[in-house]
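> need a structure here:
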Amino acid sequence: MEPRITPIKNGYAALGDGWAVFGRDPEDARARFVEAERQHAAIRSRGVPNELQPQRELSPTDARV
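Residues are numbered from 1 along each chain as shown. Model prediction:
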């Protein structure tokens with residue numbers, strides 16, 4: 001994904017899909033964006049831990065006695 005570079009006070013923001021990184025100049029912001037995107041991909045590839053996965057609804061037959 002190519003970030004949208006926007007000037008902000010004291011620098012630039014590289015905007016992604018729901019997240020952003022900040023840099024001193026457009027090139028710095030873009031480089032930080034690329035690194036953050038790489039890190040996000042690495043985290044996504046690890047999968048979702050069991051305790052964070054959506055729980056299914058229990059039926060009455062699932063109740064423990």
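> From now on I want contacts and neighbour counts done on CA atoms only, so please keep to that.
OK.
> pLDDT weak spots in the chain?
48-56, 58-65 (pLDDT under 70).
> Helices along that one, start to end?
With DSSP state H, the ranges of helices along the chain come out as 26-45.
> Could you check how far the residue nearest the centre of it is from Gly47?
Residue closest to the mean C-alpha point of the chain, counted by CA atoms, centre = their mean, is His40 at 5.4 Å. Applying CA to CA, to the nearest Å, the value for His40 to Gly47 is 12 Å.
> rewinding a little: how much space separates the residue nearest to the centre of the chain from Phe22?
16 Å.
> Check Val34 too.
In this view, Val34 and Phe22 are 12 Å apart by CA to CA.
> And Gly47, by the same measure?
Gly47 sits at a distance of 27 Å from Phe22 (criterion: CA to CA).
> who has more neighbours, these two?
Shown here are Gly47 and Phe22; by other CA atoms under 10 Å, Phe22 has more neighbours (22 against 9).
> Nearest residue to that one in space, please, no chain neighbours.
Residue nearest to Phe22 in three dimensions, not counting chain neighbours: Ala13, with 4.5 Å by CA to CA, 6 or more residues apart in numbering.
> got the contact list for the one you found?
Residues near Ala13 by CA atoms under 8 Å, 6 or more residues apart in numbering: Arg4, Ile5, Thr6, Pro7, Ala20, Val21, Phe22, Gly23, Pro26, Ala29.
> List just the nearest of these to Glu57.
Ala20 (35.7 Å; CA to CA).
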